[in-house]
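S.K.: everything below, folded, please.
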Amino acid sequence: MGLDDDAREYHRQEPPGKIEIETTKPTNTQRDLSLAYSPGVAAPCRDIAADPESVFEYTAKGNLVAVVSNGSAVLGLGDIGASASKPVMEGKGVLFKRFADIDVFDIELDIDSVDPFCEAVKAMEPTFGGINLEDIKAPECFEIEERLREEMDVPVFHDDQHGTAIISGAALMNAVDISGKELSELDIVFSGAGASAIATARFYVSLGARKENITMCDSSGIITEERVAAGEVNEYKSQFASEAQGGDLADAMEGADVFVGLSVGGIVSQEMVRSMASDPIIFAMANPDPEITYEDAKDARDDTVIMATGRSDYPNMVNNVLGFPFLFRGALDVRATEINEEMKAAAAEALADLARKDVPDAVVKAYGDDPLQFGPDYVIPKPLDPRVLFELAPRVAEAAMESGSARTEIDLAKYRERLEARLGKSREMMRVVLNKAKSDPKRIALAEGTDEKMIRAAYQLSEQGIAEPVLLGDADTISQTAAELGLSFRPEVVDPDDRDVSGYGERLYELRKRKGITKREADDLVKRDTNYLGSVMVETGDVDAMLTGLTHHYPSALRPPLQIVGSAEDTDTVAGVYMLTFKNRVIFCADTTVNQDPDAETLAEVTRHTADLARRFNVEPRAAMLSYSNFGSVDNEGTRKPRDAVSILQSDDGVNFPVDGEMQADTAVVDDILNGTYEFSELDDAANVLVFPNLEAGNIGYKLLQRLGGAEAIGPMLVGMDEPVHVLQRGDEVKDIVNLASVAVVDAQE
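M.R.: Presented below is the predicted three-dimensional model:
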C-alpha cells in the first residue's frame, strides 16, 4: 500500500477526519448542565454584554483560532476549491493543537471575490481570538490580509506569506553569521514572485537587508522597471523591480551571496551555483522538489555552502510549523490586536538564538540520532523541538507588549512556566523543583564526568543556575568533548590522575577497613572508580550531592553510595521512587528499584520517605498500601504485611498524612471505588502515593502505568540516603540528568 492509500485510510477511519470537540467542564449531573447551559449560562452572558472584554474570561475565545481558506492556492495542489481543501485546514488545526495547545475551527469559504470573502471573515470576529488565512491565491491574498488587518481587532495572519519569511529569516541570520558576511551587504536573488516570495523579501529588508540589493525573478525572468512600465507585472511584484537590465535567473545568480527559491523544482543548475559569490547561502524551498537538490548544491563547489530546503530528509528544513503556532500562542496570551513586524522579528530572532543552544536528546533521536550542533547544517531548530514554544512565544508576547499591540500585560517569568505546563504535567512539576534549586544552588558531583551527556547536563545546570557541577574524570577528555560540542564553559573537574585524592582514599579506608578493604585497595578505588570517589566527596562534605549510574547497571552504581554514604540516621531503608505525571494527576510509585521483599517496617519507612519527597514537589501525599486484597478481603501473610505497615504508620504521631490499605490498585486510584464502596477509608480522595508490596510488583506496576497510561516518568529518585545521592538509569537523556540533579539540589538544601 502506497503513501496515498495510507493517507486515505488514515483520514477515513472512524471517526472521519482528524479533529473533534471535547468538553472542558463536568457535564455529568443535572446541576452541571444547568451551569453549562440554561439557566446558569445567562450570568456570564450578562457580564459580557456589560463588559465585552470579559468574553476572554468566560469563553474559549482567547484560545480559539479560525483557519480560513477558499482552497484557491493549496500547496502542491493549486485551486482545488473550498471542500477539497478541508483536509489541509483540519491538518493545520492539528498542528496548532499539537505544538501550542491552541484550539481551531477550520472554515472553508466557497468565495472567490475579495469583498464577500472579507465580509464573511470580518463577521466572525466575535467568535475567534485570531484568524489564520491559508492557501489563498495571489494577488487577492495581499488585499484580503491588508483589509482584514485594518478592519478587525484580532490578529490576522496569512501564513503562506509570513511563515516562510520568519523561518527562513531566522536561518538567514545564522547563515550570515557563520559565513562571516553582513546582512546589509548581501546580494540576494529570489526565484519566484508569489505571496511567499514577496513577503519574505519584505521581511529580509526589515531584518537589515537592502531593498536595492534584492533581485526578484518570476517565470519571465528578472523583474525590472522596464517590465513594470510595460504593465507586465502587478503592483506587488513591482516593489522589487530592478533598475538593471533584464535577464534570466542564471544572470541574476551570478555573483549573488544568497539564493531564495520559492518557485518550482529543478530550475537551478550546478553551474549557476558555481557562479555565485564565495560561501553562498542557498535556500531552495520549492516543495516537494527543491530548485536544486541538496546533494547537487553541496557538490557544486569546494567552499562552504549553507543549504536549506523545505524537506525533512535534509538538514535545515524551513517548516512553517516552527512559526505560526507559537506566534499565535504569544499573541493570544496578551490578547493582541495584531501580529506586527516587531512580533515577527522577535519570532525570527528567538528561533535563531535557539539554534545556537544544545539540542535535547529526544530531538536528536527523533531525527535519526545524527548530531545536531550549530553550524552550516544546523542553522534553524527542528520542528519537533519542544523548546520552541517557551522560547518563541514569550519573545512574541514581549514584542506585542512593547509595540502596543497587547491588550493586557503579563509577567513573562511566570508566563514561561505556564507554557512549560502546557507541554505536560511533568514540566509543571519539575518547574517547582527547578525554582527551589535555583534559589540556592549546591555543588553536585557527576561521577561519569567524561560522558558526553554528563558534560551537556553540566553545561545546562551551570547555565541555568540550578547547580554547581563538578565533573569527575579525565580533564583532557572533558575539555576536548566540551569543545567539540561547542559548549563555552569551564566546569570544575576532579581528575584523579592530576589531583591528589589520597585524602579520599584514607577516608574510604577508615569507613571500610572492617568491611574487607585494605589501604591499598581504598587508594586504588578512589583513583580508578569515580563512583567511589564521588561517594567519598559527598560523605566528607566536599560536594553536596552526587549523580551516577548513566553507564553502569543500577545495582553496581548504587553499591558504592550505599557502602560509603549509607542511609539516614533515623532509618535503615533506602528506596527508589518514580514520579509519574499524567494529564491531570501525579502519582509517586515506591519502591521500584531497591528492596526486593520488604517487611512491614520497611514498607512503613518507604512510605514516610515517599511522602516527604511528594512534598518537595508541593504535592500533599495520600498514601495507599497496595495488594490484591481490599481491607481484609483476603487474609494471609502477604496481605497482612501492607496491613501491618498501615498500622505502624497510623500509630506514629509523627505521620501527618493520610495512609490506608491494604487495597487493590484500582481502589487506590479511583475515588468512586474508594469512597463509594469503602467510605470508612482514611483517604478522602484518590491516592497519589502508591506503595507496592515488593520490588517485582513495583517495577512492573510503574512501567505499565508509564507505557499504557501515557505517563511521563521522572526518576528513580533515591529516598532515605544520609546525603543526596541519585542513581540514573542506563541510557537516560540529558533532561533526566538535569531533573535528578535538581532534585538532589533540593535534597541538599533541606
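S.K.: which of the three states applies to the closest residue to Ser742 other than its chain neighbours?
M.R.: Of all residues not flanking Ser742 in the chain, Ala437 sits nearest, at 4.5 Å (Cβ to Cβ, 6 or more residues apart in numbering). In short, each C-beta sits where N, CA and C put it, glycine included. On the three-state scheme (DSSP: H, G, I helix; E, B strand; the rest coil), Ala437 is labelled helix.
S.K.: tell me the contacts of Gln563?
M.R.: Gln563 is in contact with 511-512, 515, 535, counting by Cβ atoms under 8 Å, 6 or more residues apart in numbering.
S.K.: closest one to Ala346 out of the residues you listed, please.
M.R.: Here the nearest of the contacts of Gln563 to Ala346, counting by Cβ to Cβ, is Ser535; it sits at 47.3 Å.
S.K.: shouldn't the closest one be in contact with Pro724?
M.R.: No - under the criterion of Cβ atoms under 8 Å, Ser535 is not in contact with Pro724, lying 11.8 Å apart.
S.K.: picking up where we left off before, and for the residue nearest to Ser742, the neighbour number?
M.R.: 27 (other Cβ atoms under 10 Å).
S.K.: which pLDDT does the model give it?
M.R.: Ala437 carries a pLDDT value of 90.
S.K.: same thing with the one 4 residues further on?
M.R.: Reading off the confidence values, Pro441 has pLDDT 93.
S.K.: now the closest residue to it other than its chain neighbours, which residues is it bridged with?
M.R.: Nearest residue to Pro441, sequence neighbours excluded (Cβ to Cβ, 6+ apart): Ala467, at 5.1 Å. In this entry, Ala467 is beta-bridged to Lys442, by DSSP bridges.
S.K.: helix or strand for Glu232, which one?
M.R.: In this assignment (DSSP states H and E), Glu232 forms part of neither any helix nor any strand.
S.K.: neighbours of it, how many?
M.R.: 14.
S.K.: can you read off the backbone torsions of it?
M.R.: phi -90, psi -20 (degrees, to the nearest 10).
S.K.: can you confirm Arg427 is in a helix?
M.R.: Yes - per three-state DSSP, Arg427 lies within a helix segment.
S.K.: coming back round to it: I figured the residue nearest to Ser742 hits Val738, correct?
M.R.: No - using Cβ under 8 Å, Ala437 makes no contact with Val738, being 9.8 Å away.
S.K.: overlap in contacts of those two?
M.R.: Joint contacts of Ala437 and Val738 (Cβ under 8 Å, 6+ apart) are Ile466.
S.K.: re the thing from before, which residues are in contact with the residue nearest to Ser742?
M.R.: Applying Cβ under 8 Å, 6+ apart, the residues near Ala437 are 466-467, 741-742, 745-746, 749.
S.K.: can you tell me which of these is nearest Pro371?
M.R.: Using Cβ to Cβ, those come closest to Pro371 at Ala741, 23.4 Å.
S.K.: separation between the residue nearest to Pro441 and Ala483?
M.R.: 22 Å (Cβ to Cβ, to the nearest Å).
S.K.: more neighbours: which of these two?
M.R.: Ala467 (28 against 10).
S.K.: just to be sure, Glu235 is in a helix?
M.R.: No - under three-state DSSP, Glu235 falls outside any helix and is assigned coil.
S.K.: can you pull the buried residues of stretch 14-26?
M.R.: Residues of stretch 14-26 classed as buried: none (neighbour count, 16 or more other Cβ atoms under 10 Å).
S.K.: need the residues that contact that stretch.
M.R.: So stretch 14-26 is in contact with 11, 32, 35-36, 60, 87, 90-91, 93-94, 104, 106, going by Cβ under 8 Å, 6+ apart.
S.K.: can you give me the helices for the stretch 1-150 of the chain?
M.R.: Here the stretch 1-150 of the chain has its helices, by DSSP state H, counting those that start in this stretch, at 3-12, 30-36, 42-50, 55-58, 82-100, 114-122, 140-151.
S.K.: packing partners for the fifth one?
M.R.: Contacting helix 82-100 under the criterion 3 or more Cβ pairs under 8 Å, 6 or more residues apart in numbering; DSSP states H and E are the following elements: strand 64-69, strand 103-108, helix 324-333, helix 387-403.
S.K.: redo these as JSON lines? Include mean pLDDT and mean neighbour count.
M.R.: Converted to JSON lines, these look like this (pLDDT from 0 to 100; neighbours: other Cβ atoms under 10 Å):
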{"stretch": "strand 64-69", "mean pLDDT": "96", "mean neighbour count": "24"}
{"stretch": "strand 103-108", "mean pLDDT": "95", "mean neighbour count": "21"}
{"stretch": "helix 324-333", "mean pLDDT": "95", "mean neighbour count": "27"}
{"stretch": "helix 387-403", "mean pLDDT": "94", "mean neighbour count": "22"}
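S.K.: for this structure, which helix is longest?
M.R.: Looking across the chain with DSSP state H, the single longest helix is helix 159-179.
S.K.: for the helix or strand just after that helix, list the C-alpha coordinates in PDB.
M.R.: Counting by DSSP H and E, the next helix or strand C-terminal to helix 159-179 is strand 188-191. C-alpha atoms of strand 188-191 as PDB (Å, rounded to 0.1, in the frame of the first residue of the first chain):
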ATOM      1  CA  ILE A 188      20.000  38.300  -2.700                       C
ATOM      2  CA  VAL A 189      18.200  36.600  -5.600                       C
ATOM      3  CA  PHE A 190      14.600  35.400  -5.400                       C
ATOM      4  CA  SER A 191      13.300  32.700  -7.700                       C
END
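S.K.: all helices of the stretch 301-450 of the chain, in order?
M.R.: Counting by DSSP H, counting those that start in this stretch, the helices of the stretch 301-450 of the chain are 324-333, 341-354, 361-366, 387-403, 412-422, 425-439.
S.K.: would you turn the ones you listed into CSV with distance to Ala445?
M.R.: As requested, the helices of the stretch 301-450 of the chain are arranged in CSV below (distance: least, Cβ to Cβ, whole Å):
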stretch, distance to Ala445
helix 324-333, 38
helix 341-354, 30
helix 361-366, 22
helix 387-403, 27
helix 412-422, 28
helix 425-439, 16
